[in-house]
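A.B. asks: the amino acid sequence is not available; the structure is as follows:
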């Protein structure tokens, strides 16, 4: 494999390419934003059996590193001209040994442009091997505190100030001469039971923690599971154990404060209101209190989700008739909810949930 040059992003769409890299090197590391290239060059020279993937968006830095690689005949560096946040999304799970991020642009005035955010941390956890590490070095106290807050929900972080390392960048050398602080955060990935969410296109939860209604009391902690299409599952537990809380989080009523929750490949933490509305159109839930509209008849309650989805009145009426027969309430189509027993109201709620599909 020729590895001393810039690699086209298209290669990373090929699963076999990832396997070839694993077969050719003992370990695989990534440096995001390598700048002058001093750190990644020295690491590659010191560890010739390891592969180092340098990810950068600035052309001048890429050209400089590429020239150094060719001059020094280094064969274990790959350069990728791409946004690291998007690149990690296509990497296999449990693939990388370490991810280095040294002195990223802090964007203190525009934090939304930062490389590190909650989605990025989730991808780091997914792509790092068990006991692999994310190493951040920054001169920005604001960035350091921001990243520390993102990672505080995990027990496995180490922080240091003015820690000397063997290979310092030119930027770091300049900063030290000014006697400025350098901040270090190292995150160790202890997540050994990660589930690859690419195989679960309906629901995926990974290490969901601290789901709560008041953001104080943790109701769900350290919960992971996945649901594939056509799966039929039960969630059981004692009263107050969080069964309804999980369902409400899938529906978007409450959000997790940590971990990753995906429904139909949508991140429920950052879901937009328009996405949530469309998601709910495809989702039927039977609530404990049924949530039937008392002012509408049984038939009108069942037709409501179909009407919201824009179906014709004729189709809504036809579908409602079929669903009422399915739950054996054909005779009650013109009745109101308070005229039905509790069991009958539950069956109406089931019929309405089925109307979504």
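C.D. replies: Perfect, I can see it now. None of these values were measured; they are calculated from a predicted model.
A.B. asks: ranges for the helices of the stretch 151-300 of the chain?
C.D. replies: Assigned helices in the stretch 151-300 of the chain, in chain order: 170-177, 243-250, 273-281, 298-308 (criterion: DSSP state H, counting those that start in this stretch).
A.B. asks: got the buried residues for the helix or strand that the last one is followed by?
C.D. replies: Of the helices and strands lying after helix 298-308 in sequence (DSSP states H and E), the nearest is helix 313-326. Burial within helix 313-326, assessed by neighbour count using 16 or more other CB atoms under 10 Å, is assigned to 316, 319-320, 323-324. Where C-beta positions appear, they are placed from N, C-alpha and C, glycine not excepted.
A.B. asks: run through who's touching helix 313-326.
C.D. replies: Contact with helix 313-326 is made by 298-299, 302-303, 306-307, 311, 330, 332-333, 351-352, 354-355, as judged by CB atoms under 8 Å, 6 or more residues apart in numbering.
A.B. asks: how many neighbours does residue 74 have?
C.D. replies: By the other CB atoms under 10 Å criterion, the neighbourhood of residue 74 contains 18 residues.
A.B. asks: apologies, that question was intended for residue 94.
C.D. replies: What residue 94 shows, counting by other CB under 10 Å, is a neighbour count of 16.
A.B. asks: which residues touch it?
C.D. replies: Each residue near residue 94 by CB under 8 Å, 6+ apart is listed here: 127-130, 194.
A.B. asks: most neighbours of all those residues, which one?
C.D. replies: Neighbours were tallied for each of the contacts of residue 94 (criterion: other CB under 10 Å), and the maximum of 26 neighbours falls on residue 128.
A.B. asks: phi, psi for it please.
C.D. replies: phi -80, psi 140 (degrees, to the nearest 10).
A.B. asks: equivalent analysis for the one 3 residues further on, please.
C.D. replies: Backbone torsions for residue 131, taken as degrees, to the nearest 10, come to phi 70, psi 10.
A.B. asks: sorry, back to before: and the helices of the stretch 151-300 of the chain, which is most packed in?
C.D. replies: helix 298-308 (a mean of 21; mean count of other CB atoms under 10 Å).
A.B. asks: in this protein, what helix or strand scores lowest on average pLDDT?
C.D. replies: Each helix and strand of the chain was given a mean pLDDT (mean pLDDT, DSSP states H and E); the minimum falls on strand 203-209 at a mean of 62.
A.B. asks: what's the strand or helix carrying residue 61 in contact with?
C.D. replies: Residue 61 belongs to helix 59-71 when assigned by DSSP H and E. When contacts are taken as CB under 8 Å, 6+ apart, the neighbours of helix 59-71 outside the stretch itself are 4-6, 34-37, 40-41, 54, 56, 74, 77, 79, 81.
A.B. asks: now, which of those residues sits nearest residue 120?
C.D. replies: Nearest to residue 120, judged by CB to CB, of these is residue 56 at 16.1 Å.
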